[in-house]
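S.K.: just a sequence and a predicted model for now, questions to come.
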Amino acid sequence: MSQPHVLIVEDEPAQREVLGYNLEAEGFRTSRAEDGEQALVLVDEDPPDVIVLDWMLPNVSGIEVCRQLKMRPETRDVPIIMLSARSEEIDKVRGLETGADDYVVKPYSVSELMARVRSQLRRVRPSTVGQLLTYEDIVLDAETHRVSRADKALKLGPTEFRLLSTFMEKPGRVWSREQLLDRVWGRDIYVDTRTVDVHIGRLRKVLTSHGGPDPLRTVRGAGYALG
Ligand code: CA
């Protein structure tokens, strides 16, 4: 199986380097373009699996590159993650109209961008990203049982790990305490539903131990959800 290939299009050398370095450290192959014209040539020469595309580029802008790639049948399905220093809503809308698949505002956290790249890859090449589940800056590796948030390793007990895996499989889904008991503790074990609350509390504590907002939501009368 070939390494997933990410094309980085960024005119600022330092940012291009940092991104390339981090992606390669995670096992991606990268190619790098410093402007839009070079990007369009590289896409044909060495088709990428995902493109990270800066908005503000000399000559041909990122928006124009995105528009052109999304018009051509052979490149239409390559996910594009657009980077921009401008956060105005209108820019987001324009970014989406050009067909960008995702959008990240500078300055971004490298770990969040990595998570977005993996998420796009999971869509187009599911086999290359193995058992990694990501939600925002949280990454869970089901094979090695490692969990990190914003690149910092988190130590979770086995129950908290299974709880988090359950949540990360379906972000946004509300799980009742009974459903969580079935999934995490198993049907045949008698555990009081309040036990769920205790472990959710522990999970929250670990997830926020290096800062960052609490990603778990208590839904009154219903249960818990991630995000
Ligand atoms: Ca730029």
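M.R.: Thanks, I have it.
S.K.: quick one, phi/psi of the residue in the chain that the ion sits nearest to?
M.R.: Closest to the ion within the chain is residue 56: 4.0 Å, counting by CB to the ion. No exception for glycine: its C-beta is placed from N, CA and C like everyone else's. Backbone torsions of residue 56, given as degrees, to the nearest 10, read phi -90, psi 110.
S.K.: right, and it touches residue 62 too?
M.R.: Yes: between residue 56 and residue 62 a contact is recorded at 6.8 Å, counting by CB atoms under 8 Å.
S.K.: what is the neighbour count of the nearest residue to residue 185 once chain neighbours are set aside?
M.R.: Spatial nearest neighbour of residue 185, excluding adjacent residues (CB to CB, 6 or more residues apart in numbering): residue 191 at 5.0 Å. For residue 191, the count of nearby residues is 15 (other CB atoms under 10 Å).
S.K.: just say helix, strand or coil for residue 191.
M.R.: At residue 191, secondary structure determined by DSSP: H, G, I helix; E, B strand; the rest coil is coil.
S.K.: and residue 165, that one's in a strand?
M.R.: No: counting by three-state DSSP, residue 165 is not part of a strand but helix.
S.K.: any idea how far residue 9 is from it?
M.R.: Distance, residue 165 to residue 9, using CB to CB, to the nearest Å: 34 Å.
S.K.: which element follows the helix-or-strand element of the chain with minimal mean pLDDT toward the C-terminus?
M.R.: Ranking every helix and strand in the chain by mean pLDDT, DSSP states H and E puts helix 89-97 at the bottom, with a mean of 62. Scanning forward in sequence from helix 89-97 by DSSP states H and E, the next helix or strand is strand 102-105.
S.K.: now that following strand: mean pLDDT?
M.R.: Averaging pLDDT along strand 102-105 yields 86.
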